[in-house]
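*Asks:* What follows is a predicted structure for the sequence shown.
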Amino acid sequence: MDFGFLVVQSLSGLASASSLFVIASGLTLVFGVTRIVNFAHGSFYMLGAYMTVTVVPWLLDFDRSPLLFFVGVLVSALVVGALGVVMEVLLLRRLYKVPELFQLLATFGVVLMVQDAVLWIWGPVEIPGPRAPGLRHGVEILGQRFPAYELFLICVGPAVLGLLWLLMHKTRFGILIRAATRDREMVGALGVNQALLFTGTLFLGAFLAGLGGALQIPRVSANSQMDLSIITEAFVVTVIGGMGSVPGAFLAAVLIGQLNAFGVLIFPKITLVLVFLLMAVVLVVKPWGLLGRPEAAAGRAALPEGILATPRFGMWEKVILGVVLAATLAVPLFGDAYTVKVATEVLIFALAAFSLNFLVGNGGIVSFGHAAYFGLGAYAAGLLVTRGGFAMEPALIAAPIAGAAFAALFGFFVVRLTGIYLAMLTLAFAQIAYAVCFQWVEVTGGDNGVVGVWPSGWARSREVFHYLVAACCILGIAALRHVIYAPFGATLRAARDSEQRADAIGVNVRMHRWLAFTLAGAAAGLAGGLYAFSKGSIDPTLLAIPMSIDFLAMLLLGGMQTVMGAVAGAAAFHTIKDFFMPLTDHWRFFLGASIIALVLIFPRGLSGAYGALRRRA
Amino acid sequence: MTLLAVEGLNKRFGGVVAAKDVSFALAAGEMLAIIGPNGAGKSTTFNMVGGQLAPSSGRVMLAGQDITGLPPRQVCKLGVGRTFQVAQTFLSMSVAGNVQMALTAHHGRTRDLVADAASLYRAEALALLAQVGMAEAADRPIGELAYGDVKRVELAIALAAAPKLLLMDEPTAGMAPRERAALMQLTAGIARGQGIGVLFTEHDMDAVFAHADRILVLVRGEVIAEGSPESVRANPEVQRVYLGQSGHKAALRARRAAHG
C-alpha cells in the first residue's frame, strides 16, 4: 500500500466524517436543549435528500451554475428546518414532561409516518441526484484521483463547526442554547422564553439534518431506507462525542470516518461492528462520552415509570386469566389455520414483551435493543437445525441459552450506564448483532436469511405446535412473573427507585441488573427460537430496530406500570397489526400515528384503563 | 471501647484540600456531631467514612477492621447504616416494604427467585417500624408520608442492617423544629439503648448541643476543636470562627445555642 493511497483513503474518511458531523451536530444540539433523543432526525436527513433531488434539477434547468445548485441545497435545508418547527410545535412541546422512553417512542412514530409519506410522494424507486456543477471533476493527489466534491465536503464540516461556534458564543440565541444544555431548569427559572428557544433549536437541528441530506445527493441516491441507517450512525457519533457537545460530535465524527475508511481495508466485512465496538469501549471508559458531562442531578425524587404495585390476582383477574387460558387452548379446536397461526405468534410475542417489561418496567433498565436477544435465539435455533442438522428439541434448548449468553456479554457493559446512554448502548449492541447477521452471508444467509427451520415431525401440525408454544410461553411468563414477586424482583425495583439507597443497604446494583438482563435475554431467546420454528425461517429483520420498537410499543399499549400489561399489549398489538397490515399500504403511517396517540393520550395503556375501571366498580 | 477510629484522613479535589489530617474516634453508644461552617469538609469527611468517597490518604477503622475505600454496600455489610440529607427511599413500595427490602438485603437474600417478597421479614419490619413509631403507617405507600415521617422510616431502614454505627448526614434538614427534636430524641434513645455509635453532621445547633455527647468542629478541612458540648461552646477559637467568619446567621445560631 503506497502513501498516496493511504492519504486518499484518509481524505475520503474525512469527507464522510464531515457529512456525518453536520447531521450529528443537529442531533446533539436538539438533545442538549430539549433532552429528547430525536429518532426523527434521520427522517429530516432523508427529507433533505428528497427535497434536493426534487428542487435542484428543476433549478438546474434554468442554468447549470454552481450557484443555483447550492441555492437549491440551502432552500431544501431551510424547508426541512421549517418541518422541524412543525414537529416541535405539534408534538415535542407535549413531550417534554413525559418519561424518556415515551419520548423516544413518539419520535420513532414520526419516523414511521415520514417513511410512508416519502413512499407516497416520491415512490419506492430510489432517485439519483444531480452532480454538483463545477465540482464534477477529479483532483490529482499524490498520483491518485480524488473527487473534487469530496474535497468540498471535507471543508464543509469545519465550516459548520466554525459557524456553530460563532452562533453559540456570539449570539444571544446561541448562549441560551449553551446555558440550557448545561442546566435547563435554571434557564427556565431566569425567565427565558423557553418555547421560542426550543422551537429555534429544533429549526436549527432539522436544518442541519436537512443540509446533511442535501449535501449527500451527488454521492448517493435518495432512498427510503436512508433515515434509519443514518440515525444509528448519528446516535453513535453523538454518544461517543458526549450528548449535547458539538465539538465532541466533531471529534467523534472524525474518529468514525477514519475508522470506517481504514477498517474497510482491514476488516471489510465488519465495518459496522467496528463502529459500535468503538462506542462500547468509549462508554465503558467515559460513561458520558468524550466531551460530555454527567446529567445534572434531578431536584427531587420522582415516582419511577414502571411497575409500581405487585398485587395478587383478585377474583376478577382470576376469571379473566381462566378465560384467556381456555381461549388459548381452545383456538386449535375451533379456529381456522390462520387464527391458530396468529394465536401462536401472540403467545410468542407475549413472552418477549413480558421479558422486556421485566427489564424496563420492573428494573428501570430501558433496553432499546431487546430484539437482539429474540433474534439471536431465533438464529441459534434456526442455524442449529439447518446448518447443524440438529432436531427441534435441542435447538429450542439452545435458543434461551444463546439469548442469555449474549445478554450476559452485552449486559456486562450495559449495566455500567444509566438512562439515555444505557438505551443508546443497548441499541448499539442490537445493531452489532444485526450487522453480523446481515453481513456474515456464508453462515447466516445475509439479507435473505435461512429457510427450512421446521419443527420435529410430532410437532409439525399447526395445532400441536400451538400447544408446544403455549406450554413454553405460559410457563416462561409464569416463571418470570414469579420472579417479579420474589425478593430478586423486589430488589430490582428497589435499585430502580433509588440506586443510592439500594447501595447503602448493601445491594450490589450492577450485579443484580446484569443478572436481570441475562434472565430477560434467556426468555427473549426462547421466544425467538419458537418464532423461528413458527415461521420456518430466520432473517435479519428479527433483530432489527423495528422489531425492538414493536416490543416497546407492546409495553406501551399494554401499560408498563402493571405486571401483566405486557401480555395484553402483545396480544392487542399483534392482532391489530395483523388485521390492518393487509388492508392498507400505509400501515406504517397508522402504526406511527397510533404510537404517538398512545404516548399523548393513553400513556397508561390497556392495563391503566382496566385499573381505572376496577377502581370505579 | 472504640467503635470507629478515623486516622489522619486527607482528601484533595485537584488543588482544593477538603479534608486535612482529620482524626477522631467514636465509642459504641456515643453520639458524635461534626459541625462547621459551609465548605468546612463535613460532608467530605462523612462520605469518606461511609464509602462514597475514597480518601487521598489516611485510614478508617471500624471495630478494629480497616474499611478505608470500601464501596458503600460493603461498608453496610460490615455494620454501618446510613441516612441521607435528602431522604432516599424506595418510592414504589409501602413503608413496610422499604424496611423489608433492607432486611432482605441484610440477610443476603436479594437473589432469591422463589420466596414471596411481600411476606418475607414482615414481622421483623413491623418491629423496627414500631421502634421508630411508624407501625401504624406500615401499609401506606411511602410517597404519601410527611417528610418527618419519611425520615423516621429511613432510620428504621438503616437499623434493619443491625448496624454498629449509624451515619446520619444532616438528619433534620428540611424538617419542622418540633419534628427535629423528636427525631433526635428517638435516635439518641435507640443509639444509647442498643449501643450503636452515631456520627452525624448538622446545621441545627439546637439538635447538636442537646443530643451530641461530643462535638467535632471542622474549619476548612481541619479539626479545630473537639470535646464535650460545654468545652466546645466555651472554646474561643470556635467562637471566633462562628462569629467572625460565617456571618450573621451562624452567630445568631451559636448564640441561641449557647443560651438554650
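*Replies:* Everything's here; your move.

*Asks:* For the rest of this, base every contact and every neighbour count on C-alpha atoms.
*Replies:* Fine.

*Asks:* what does chain B have sitting close to chain A?
*Replies:* Contacts of chain B with chain A, taken as C-alpha under 8 Å from any C-alpha of the partner chain, map to B:72-77, B:81-82, B:88-93, B:101-102, B:104-106, B:109-118, B:157-158, B:161.

*Asks:* Tell me which of the residues you listed fall in helices.
*Replies:* B:72-77, B:101-102, B:104-106, B:157-158 (DSSP state H).

*Asks:* now the strands for the stretch 101-250 of chain B?
*Replies:* Using DSSP state E, counting those that start in this stretch, the strands found in the stretch 101-250 of chain B span residues B:165-169, B:197-201, B:214-219, B:222-227.

*Asks:* Export those as JSON lines, with columns for mean pLDDT.
*Replies:* Listed next are these as JSON lines, based on pLDDT from 0 to 100:
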{"stretch": "strand B:165-169", "mean pLDDT": "92"}
{"stretch": "strand B:197-201", "mean pLDDT": "93"}
{"stretch": "strand B:214-219", "mean pLDDT": "91"}
{"stretch": "strand B:222-227", "mean pLDDT": "90"}
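
*Asks:* quick one on the thing from earlier: now which of the residues of chain B next to chain A would you call buried?
*Replies:* Buried members of those, scored by 16 or more other C-alpha atoms under 10 Å in any protein chain shown, are B:72-77, B:81-82, B:88-93, B:101-102, B:104-106, B:109-113, B:116-118, B:157-158, B:161.

*Asks:* So which residue is dead centre in chain B?
*Replies:* With distances taken as C-alpha atoms, centre = their mean, residue B:168 lies nearest the centre of chain B, 1.3 Å away.

*Asks:* low-confidence ranges in the stretch 251-400 of chain A?
*Replies:* Along the stretch 251-400 of chain A, segments meeting pLDDT under 70 span A:269, A:295-302.

*Asks:* same thing with chain B?
*Replies:* Scanning chain B for pLDDT under 70 picks out the ranges B:1, B:243-260.

*Asks:* Looking at chain A, which residue is nearest chain B?
*Replies:* In chain A, the residue that lies nearest chain B is residue A:506 (3.8 Å; C-alpha to the nearest C-alpha).

*Asks:* Quick one: residues contacting that residue.
*Replies:* Residue A:506 sits next to B:72-77, B:105-106 when contact means C-alpha atoms under 8 Å, 6 or more residues apart in numbering or on different chains.

*Asks:* related to what we said a few turns ago, ok, what's across the strand from the residue nearest to the centre of chain B?
*Replies:* Beta-bridge partners recorded for residue B:168 (DSSP bridges): residue B:83, residue B:200.

*Asks:* tell me the mean pLDDT over the lengthiest helix in chain A?
*Replies:* In chain A, with assignment by DSSP H, the single longest helix is helix A:3-34. The average pLDDT for helix A:3-34 rounds to 91.

*Asks:* That helix: which residues count as buried?
*Replies:* Buried positions in helix A:3-34, judged by neighbour count with 16+ other C-alpha under 10 Å: A:8-34.

*Asks:* CA atoms only for the next helix or strand after it, dumped as CSV, please.
*Replies:* Where DSSP states H and E defines the elements, the next helix or strand beyond helix A:3-34 is helix A:41-62. Extracted as CSV, the C-alpha positions of helix A:41-62 are listed here (Å, rounded to 0.1, in the frame of the first residue of the first chain):
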residue,chain,number,x,y,z
HIS,A,41,-33.6,13.4,12.9
GLY,A,42,-32.9,10.6,10.4
SER,A,43,-36.2,11.4,8.7
PHE,A,44,-35.1,15.1,8.4
TYR,A,45,-31.9,13.9,6.8
MET,A,46,-33.9,11.8,4.3
LEU,A,47,-36.4,14.6,3.6
GLY,A,48,-33.4,16.9,2.9
ALA,A,49,-32.1,14.5,0.3
TYR,A,50,-35.5,14.0,-1.3
MET,A,51,-36.2,17.8,-1.4
THR,A,52,-32.8,18.3,-3.1
VAL,A,53,-33.4,15.7,-5.8
THR,A,54,-36.7,17.5,-6.5
VAL,A,55,-35.6,21.1,-6.3
VAL,A,56,-32.1,21.1,-7.7
PRO,A,57,-32.8,19.5,-11.1
TRP,A,58,-35.6,22.0,-11.5
LEU,A,59,-33.3,24.9,-10.7
LEU,A,60,-30.5,23.5,-12.9
ASP,A,61,-33.0,23.5,-15.8
PHE,A,62,-32.7,27.3,-15.8
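
*Asks:* how far off helix A:3-34 does helix A:41-62 point, in degrees?
*Replies:* Relative orientation of helix A:41-62 versus helix A:3-34 (axes from the mean of the first three to the mean of the last three C-alpha atoms, to 10 degrees): 120 degrees.

*Asks:* which strands and helices sit next to the helix or strand that helix A:41-62 is followed by?
*Replies:* For helix A:41-62, the following helix or strand on the C-terminal side (DSSP H and E) is helix A:66-90. Under the contact criterion of 3 or more C-alpha pairs under 8 Å, 6 or more residues apart in numbering or on different chains; DSSP states H and E, helix A:66-90 touches helix A:41-62, helix A:194-216.

*Asks:* quick one on the thing from earlier: between the ones in helices among the residues of chain B next to chain A, which is nearest chain A?
*Replies:* Among those, residue B:73 lies closest to chain A (C-alpha to the nearest C-alpha), at 3.8 Å.

*Asks:* on that earlier part again, any chance of the contacts of residue A:506 in CSV with distance to residue A:199 as columns?
*Replies:* Shown next, in CSV, are the contacts of residue A:506 (distance: C-alpha to C-alpha, whole Å):
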residue, distance to residue A:199
B:72, 44
B:73, 45
B:74, 48
B:75, 49
B:76, 48
B:77, 51
B:105, 48
B:106, 51
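
*Asks:* and the helix or strand harbouring residue A:524, what other elements does it pack with?
*Replies:* Using DSSP H and E, residue A:524 maps to helix A:509-535. Counting by 3+ C-alpha pairs under 8 Å, 6+ apart, the packing neighbours recorded for helix A:509-535 are helix A:337-363, helix A:371-386, helix A:392-414, helix A:462-485, helix A:487-497, helix A:499-504.

*Asks:* which helices and strands sit right next to the first one?
*Replies:* For helix A:337-363, the elements it packs on are helix A:315-334, helix A:462-485, helix A:487-497, helix A:509-535, helix A:545-558, helix A:565-580, judged by 3+ C-alpha pairs under 8 Å, 6+ apart.

*Asks:* would you turn those helices into TSV with mean neighbour count?
*Replies:* Below are these laid out as TSV (neighbours: other C-alpha atoms under 10 Å in any protein chain shown):
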stretch	mean neighbour count
helix A:315-334	13
helix A:462-485	19
helix A:487-497	27
helix A:509-535	27
helix A:545-558	25
helix A:565-580	21
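
*Asks:* Which of those helices sits closest to residue A:167?
*Replies:* For residue A:167, the closest of the helices and strands packed on helix A:337-363 is helix A:545-558, at 34.9 Å, according to C-alpha to C-alpha.

*Asks:* who touches residue 155 in this structure?
*Replies:* No chain in the question, so chain A it is. Residues near residue A:155 by C-alpha under 8 Å, 6+ apart: residue A:18.

*Asks:* Sorry, I should have been clearer: chain B.
*Replies:* B:82-83, B:132.
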